[in-house]
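Q: Generate a structure from the sequence data that follows.
(2 chains)
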Amino acid sequence: MKDERQESDARQTGTEPALTPLGTPQEPPIRAREGDIIHTSPELAVGEADVRSAEHGAELVAGTSLWKDAWRRLLKNKLAVFGLAVTIFIILASIVGPLIIRKTTGFTYDFIPPDVNLERSFAPFTSPDGAFSWAHPMGTDDSGRDVLARVLDGGRISLMVGLVSTIVSLIIGISYGAVSGYFGGRLDDLMMRVVDVLYSLPYIMIVIVLLSFFKGASAPVFLTKIVSYFGGGQDVVQLVLLFMALGAVSWLTMARIVRGQVMSLKNQEFVLAAKATGVSQRRIIFRHLVPNTLGPVIVYATLTVPSVMLTEAFLSFLGLGVQPPHASWGSLASEGIKNIAIFPWQLIFPGVTMALALFSLNFLGDGLRDALDPQMRKV
Amino acid sequence: MLRFIIRRLIVIVPMVLIVVTLTWGLIRLAPGNFYTGEKRIPKAIEKNIREKYGLNRPWYVQYGKMMGSVLRGDFGMSLTYPGQSVNQILWSTLPVSATLGLLAYILALAVGVTTGTIAALKQNSKWDYASMAFAMLGISIPNFVLGPLLVLLFSLTLFWLPPALWGGGSPANLILPVLTLSAIYMAFIARLTRSGMLEVLRSDYVRTARAKGLSEVQVVFRHVLRGGIMPVVSFSGPALAFLIAGTVVVERVFALPGLGNYFINANFARDEPLIIGIVAFISIAVLIFNLLVDIGYAYIDPRIRY
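A: Numbers count the residues shown, from 1 in each chain, chains lettered A, B, ... in the order given. Below is the predicted model of the structure:
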């Protein structure tokens, strides 16, 4: 709030003394005159460095923008379209699927209707008497629970873990990278050295220690308090801990990307203009610079989601990730491993679903990268 | 160069101490310890135990003692594995994990660089698409799913290979774990090699090499490969950190007596000396490996100076 006022103040006061021609020396503070248009929209900064007139700017915004262009390029990439379609399908299925199951059968992830007779494990498409049946297309697990229902429910948790942890890593990475890149100098050196150090550490071991020591009842007290304030139970505490742990280990590359972007942007004219009008540094960083880094950030975020989901699965496999009564694809697969010789479908269905989801997310991320930034074709 | 190496070697010490301190702090911040497990112990016995292991001393004394043990390189006795010192466990498990990791990485390098090179040289051909789709598959299948599936196929259906256990490191026992572990690195390395090669193939010095009449084989092996492989070299540093996570999974899937398996057990049992020992050991290994990667960098690319 305060910053905005400062900015408008600066615009008004800027009209009075600084009307000297720009060419004259010994006049360092360049101020905007009333009526001048200060370009800060993301469209202007990408590619078009030399946009000066308001008409030209308006035309650019209305014409083929960066995003429209990227969308067109994305649609040309068959694999990316496949990835997009499968991703949307999986997201919809895991949102709608459990709701349908709940409506039709009364099951929820932690509630089984009392009249249901849970029995041993059945193979896919088999009924208890051994005949063909559509009842369990993915078979059932040890205690007779439908694997399809569990996979759909697990999808919710897996996707949520992927999304929330990516957002955590985005918040940390963007703030860190933007501050480091904007201020430069010693602060930048120090902050990037910290990132280098963290890069070279076996952080996964520290995450394992963190999660195995703060599992279940021994979760940090302050976290339990905060979560229960919002009405969450012990299971939510565990999930929040997982988000934090996963987000905290995956922000490093994001910070580097944002820093690089900010460093290349901070000397451009629109930043100078913002500075000249007296915009505060915090506002320059977060309102003027960060929005311009969004292209690469979105690309990297789409690629972070599958990698975070993979890490979550790895932790769930070790018994440190998602805890019962919740299940994720990772924890379902790791349950299935125990019965691999007798009931292989308990591993195959969650495992293959997860692989398919990661596969399409990766293709989508790759396609987005090629579409948004053809220069960045790496890895 | 020598100064660079010495400086980096000196930096390793404080970095290991930071990691160890962080780990120790986490262990101590968590409520409970090794002795407050499922079994209830009488008060008198608990008091004796606390005295014996120095748990009744102030935290800084305990921290100092722990740090001393790390600096001496003697981590004391393990709590979960009676009669074994942490050092004994480290030296007996290291060969297992190191063999696994090294073989997996060599395999990944060999297969990954070859397929990546072929894909880049025949860009947009069906070879290119096939190998890149295959690489994406390798990145997308979690290794703890891939491992059991391989076991299901090769051990439980075809009966070709043993399903688990170390078996003294015999080749038959090694095939499946190494394959499982290396899949994702193969995929990464293939993709990195392809993109690196594509960039170099368009560069001016390759055009010069062609223009002066070198054969295509010479161009590829002497010029393109050298530049194109740089991303793979820089990936080797982070790869080791990944490899550790990978070995943890593979050792558990195949029940191998490696560092990762012991590390997980130590965490579940809250075996503080063993956790600290393994964390310190792996940190040193990772840091030294990163240093070697940086040195290797300078050898491959003569433009890099330290």
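Q: Need the pLDDT of residue A:54.
A: Residue A:54 is assigned 42 on the pLDDT scale.
Q: let me redo that: residue A:125
A: 67.
Q: Residue B:206 against residue B:225, yeah?
A: No: with contacts counted by CB atoms under 8 Å, residue B:206 stays clear of residue B:225, the gap being 10.8 Å. For the C-beta atoms, the positions are set from N, CA and C on the backbone; glycine is no exception.
Q: Could you pull up the residues touching the residue nearest the centre of chain A?
A: The residue lying closest to the centre of chain A (CA atoms, centre = their mean) is residue A:166, at 3.1 Å. Taking CB atoms under 8 Å, 6 or more residues apart in numbering or on different chains as the criterion, residue A:166 is in contact with A:247, A:250, A:301, A:304, A:305, A:308.
Q: Number of residues surrounding the fifth one?
A: Okay, so that is residue A:305. For residue A:305, the neighbour count with other CB atoms under 10 Å in any protein chain shown is 25.
Q: All the helices of the stretch 101-250 of chain B, residue numbers only.
A: All helices of the stretch 101-250 of chain B, identified by DSSP state H, counting those that start in this stretch, fall at B:126-140, B:143-150, B:171-201, B:204-211, B:216-218, B:225-228, B:230-253.
Q: Could I get those helices in CSV, plus columns for mean pLDDT?
A: Listed next are the helices of the stretch 101-250 of chain B as CSV, based on pLDDT from 0 to 100:
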stretch, mean pLDDT
helix B:126-140, 84
helix B:143-150, 85
helix B:171-201, 85
helix B:204-211, 83
helix B:216-218, 81
helix B:225-228, 80
helix B:230-253, 79
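Q: Quick check: which of these is buried the most?
A: A comparison of these by mean neighbour count, using mean count of other CB atoms under 10 Å in any protein chain shown, puts helix B:143-150 on top with a mean of 24.
Q: Is chain A within reach of it?
A: Yes: Helix B:143-150 is in contact with chain A by CB under 8 Å from any CB of the partner chain, via B:144, B:145, B:148, B:149.
Q: what sits up against that helix?
A: Everything outside helix B:143-150 that qualifies as a contact, by CB under 8 Å, 6+ apart, is A:313-314, A:317, A:333-334, A:337, A:340, A:347-348, A:351-352, A:354-355, B:176-177, B:179-181, B:183-184, B:246, B:249-250, B:252-254.
Q: Just want the angle from it to helix B:230-253.
A: Relative orientation of helix B:143-150 and helix B:230-253, computed by axes from the mean of the first three to the mean of the last three CA atoms, to 10 degrees: 60 degrees.
Q: got the angle for helix B:143-150 vs helix B:126-140?
A: 110 degrees.
Q: Give me the nearest residue to residue B:216, chain neighbours excluded.
A: residue B:210 (8.0 Å; CB to CB, 6 or more residues apart in numbering or on different chains).
Q: quick one: that neighbour and residue B:219 touch, right?
A: Yes: counting by CB under 8 Å, residue B:210 does reach residue B:219; the two are 5.8 Å apart.
Q: OK, contacts around the closest residue to chain B within the stretch 51-200 of chain A?
A: Proximity of the stretch 51-200 of chain A to chain B (CB to the nearest CB) peaks at residue A:200, 4.8 Å away. The contact partners of residue A:200, taken as CB under 8 Å, 6+ apart, are B:15, B:237, B:241, B:286, B:287, B:290.
Q: Buried residues, the strand or helix carrying the fifth one. List them.
A: Translated: residue B:287. According to DSSP states H and E, residue B:287 maps onto helix B:272-300. Residues B:272-287, B:289-291, B:293-294, B:297 are the ones in helix B:272-300 that count as buried (16 or more other CB atoms under 10 Å in any protein chain shown).
Q: Chain A next: which of the residues you listed are close?
A: Restricting the buried residues of helix B:272-300 to those near chain A - CB under 8 Å from any CB - leaves B:275, B:278, B:279, B:282, B:283, B:286, B:287, B:290.
Q: who touches the last one in this structure?
A: Right, the one you point to is residue B:290. Residue B:290 touches A:200, B:237, B:240, counting by CB under 8 Å, 6+ apart.
Q: As TSV, those residues with distance to residue B:27 would be great.
A: Formatted as TSV, the contacts of residue B:290 follow (distance: CB to CB, whole Å):
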residue	distance to residue B:27
A:200	22
B:237	27
B:240	24
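Q: Now residue B:77, what are its backbone angles?
A: phi -90, psi 150 (degrees, to the nearest 10).
Q: Got the confidence number for the residue nearest to it when sequence neighbours are not counted?
A: The shortest distance from residue B:77 to any non-neighbouring residue, by CB to CB, 6+ apart, is to residue B:85 (5.3 Å). The confidence metric pLDDT takes the value 84 at residue B:85.
Q: cool, and residue A:89?
A: The model's pLDDT for residue A:89 equals 91.
Q: can you give me the offset of the strand or helix carrying it from its chain's centre?
A: For residue A:89, the element it lies in under DSSP H and E is helix A:78-105. The chain centre lies 18 Å from the centre of helix A:78-105; the measure is CA atoms, centre = their mean, to the nearest Å.
Q: Please apply the same query to stretch B:206-213.
A: That offset, for stretch B:206-213, works out to 40 Å (CA atoms, centre = their mean).
Q: Run through who's touching it.
A: The contact list for stretch B:206-213 (CB under 8 Å, 6+ apart) reads B:200, B:216, B:218, B:219, B:222, B:223, B:224.
Q: returning to that earlier point: would TSV of the contacts of residue A:166 with secondary structure be doable?
A: Formatted as TSV, those follow (DSSP: H, G, I helix; E, B strand; the rest coil):
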residue	secondary structure
A:247	helix
A:250	coil
A:301	helix
A:304	helix
A:305	helix
A:308	helix
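Q: got the angle for the biggest helix by length in chain A vs helix A:78-105?
A: Scanning chain A for the helix with the most residues, using DSSP state H, yields helix A:147-183. With the same axes, to 10 degrees defining the directions, helix A:147-183 sits at 130 degrees from helix A:78-105.
Q: avg pLDDT for the next helix or strand along the chain from helix A:147-183?
A: Sequence order places helix A:185-199 as the next helix or strand after helix A:147-183, per DSSP H and E. What helix A:185-199 shows for mean pLDDT is 82.
Q: just to revisit the earlier point, gap between the helix holding residue B:287 and the chain center?
A: For helix B:272-300, the distance to the chain centre is 9 Å (CA atoms, centre = their mean).
Q: Next, the angle helix A:185-199 makes with it.
A: In terms of direction (the same axes, to 10 degrees), helix B:272-300 departs from helix A:185-199 by 120 degrees.
Q: Give the rounded mean pLDDT of helix B:272-300.
A: 83.
Q: The nearest residue to residue A:155 once chain neighbours are set aside - how many residues pack around it?
A: Spatial nearest neighbour of residue A:155, chain neighbours left out: residue A:94 (3.2 Å); criterion: CB to CB, 6+ apart. Neighbour count of residue A:94, defined by other CB under 10 Å: 22.
Q: residues touching residue A:94, list them.
A: For residue A:94, the contact set (CB under 8 Å, 6+ apart) comprises A:152, A:153, A:154, A:155, A:156, A:159.
Q: that older thread, closest one of the residues of helix B:143-150 next to chain A to chain A?
A: residue B:145 (3.6 Å).
Q: what domains does the record give for chain B?
A: Domain ranges of chain B: B:2-72, B:93-270, per automatic domain parsing.
Q: you'd agree residue A:209 is up against residue B:275?
A: Yes: using CB under 8 Å, residue A:209 is in contact with residue B:275, at 6.4 Å.
Q: If anything else comes up later, I'll come back, but that's it for now.
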